[in-house]
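Chemist: Based on what follows, work out the 3D shape:
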Amino acid sequence: MKRLLDEAADALDALGPGAGADELIAALAASERMARRMDRAAVALVAAVNRQGVFAERGYKSAAGALGDLLGWERFEARRRPSR
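Modeler: Predicted structure coming up:
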């Protein structure tokens, strides 16, 4: 899974000054669609980990605290993520 995500990001990164306007706009639109899908997937993953008690098992009192520590997110950023 990580490899596929890296390949997709690499393909977007590879677009350079030689890319045409239509190609750049299409890539921008695809990037936005994927960002939204990735956000939804991340919310679902946080919810699943939280429901399974993984954060609590590791001594965290809140999902925000766990996300801040495990992923290096600032507290405000971690609190923005719902954990359903």
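Chemist: before we move on, what SS does the residue at the greatest distance from the centre of the chain have?
Modeler: Farthest-out residue of the chain from its mean C-alpha position, per C-alpha atoms, centre = their mean: Gly18, at 28.7 Å. Secondary structure, DSSP: H, G, I helix; E, B strand; the rest coil: Gly18 is coil.
Chemist: Could you measure from it over to Ala66?
Modeler: Gly18 is 44 Å from Ala66, where distance means C-beta to C-beta, to the nearest Å. In short, each C-beta sits where N, CA and C put it, glycine included.
Chemist: Pull out the buried residues from the longest helix seen in the chain.
Modeler: In the chain, assigned by DSSP state H, the helix with the most residues is helix 21-51. For helix 21-51, the neighbour count (16 or more other C-beta atoms under 10 Å) marks 46, 49-50 as buried.
Chemist: which residues touch the residue farthest from the centre of the chain?
Modeler: Residues near Gly18 by C-beta atoms under 8 Å, 6 or more residues apart in numbering: none.
Chemist: What does the pLDDT read for it?
Modeler: Gly18 carries a pLDDT value of 84.
Chemist: so what's the backbone phi/psi at Gly20?
Modeler: Backbone torsions for Gly20, taken as degrees, to the nearest 10, come to phi -80, psi 160.
Chemist: That one - how many residues pack around it?
Modeler: Gly20 has 9 neighbours, counted by other C-beta atoms under 10 Å.
Chemist: Kindly reformat the buried residues of helix 21-51 as TSV containing pLDDT and distance to Ala30.
Modeler: Shown next, in TSV, are these (pLDDT from 0 to 100; distance: C-beta to C-beta, whole Å):
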residue	pLDDT	distance to Ala30
Val46	90	25
Val49	94	28
Asn50	91	30
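Chemist: Looking at those, spot the one nearest Ala8.
Modeler: Closest to Ala8 out of the buried residues of helix 21-51 is Val46 (21.3 Å), distances taken as C-beta to C-beta.
Chemist: Wait, the closest one touches Ala64, no?
Modeler: No. Contact criterion C-beta atoms under 8 Å: Val46 and Ala64 do not qualify, at 9.8 Å.
Chemist: Next up, the contacts around Ala66.
Modeler: Per C-beta under 8 Å, 6+ apart, neighbours of Ala66: 55, 58, 60, 78.
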